[in-house]
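Peer 1: Could you look at this predicted model? Sequence included:
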Amino acid sequence: MPLPAEGPLGQWGERLAAAWLERQGLRICDRRVRTPYGEIDLIAREGDTLVFVEVKTRRGDRGVSLWELMRMAQRKRIERSARYYLSRGRAGARRYRWDLVLVVQPSQGPPVIRWIRSAWSEGDPS
């Protein structure tokens, strides 16, 4: 999937991440779910586990730490959004987790995708 010349880089990264996660065996259930607390980029299933996925997309070759991109406040927003989603009874999952995917388009070559499963735990202060 080529990088868009124009348009939202984040949406491109989410589409690429979703396709990549499906190749890893996850089933994408929802995309860009809006709640009163914010947006959940992707919601997927892996077996009986519901996976809330935050996708970060960047251009360039400079090294990017995933944790530089995920502030504590952002994790809390995603947690509240996930709890809201679960409270609406739309999930039906016994377990859930938060994953983080980084999509980087270097100046040359194909995109690089980095996936952190169970990136943090609910209420994790780190």
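Peer 2: Perfect, I can see it now. Just so we're clear, the structure is a prediction, and the values are computed from it rather than from any experiment.
Peer 1: Return the residues in contact with the residue nearest the centre of the chain.
Peer 2: By C-alpha atoms, centre = their mean, the mean C-alpha position of the chain lies nearest to E54, the distance being 2.3 Å. Counting by C-beta atoms under 8 Å, 6 or more residues apart in numbering, E54 makes contact with I40, D41, M70, Q74, I78, W98, D99, L100, V101, A119. Every C-beta, even on glycine, is put in place using the N, C-alpha and C of the backbone.
Peer 1: For this protein, give me the ranges with low pLDDT.
Peer 2: Applying pLDDT under 70 to the chain picks out residues 1-7, 61-70, 90-93, 122-126.
Peer 1: try 80
Peer 2: Applying pLDDT under 80 to the chain flags the ranges 1-7, 60-73, 89-94, 120-126.
Peer 1: Centre of it to the edge, which residue is at the far end?
Peer 2: Quick read of the chain (C-alpha atoms, centre = their mean): farthest out is Q108, 24.0 Å.
Peer 1: what are the ranges of the strands in the protein?
Peer 2: Secondary structure of the chain by DSSP state E: the strands cover 27-35, 38-46, 49-59, 95-105, 112-120.
Peer 1: Could you dump the contacts of E54 into CSV and include distance to E22 and neighbour count?
Peer 2: As requested, these are exported to CSV (distance: C-beta to C-beta, whole Å; neighbours: other C-beta atoms under 10 Å):
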residue, distance to E22, neighbour count
I40, 17, 22
D41, 14, 23
M70, 23, 19
Q74, 25, 13
I78, 21, 24
W98, 19, 22
D99, 14, 21
L100, 17, 23
V101, 12, 25
A119, 19, 20
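Peer 1: so which of the residues you listed comes closest to R23?
Peer 2: Nearest to R23 among those: V101, at 12.6 Å, using C-beta to C-beta.
Peer 1: how close does that closest one get to G89?
Peer 2: Distance, V101 to G89, using C-beta to C-beta, to the nearest Å: 26 Å.
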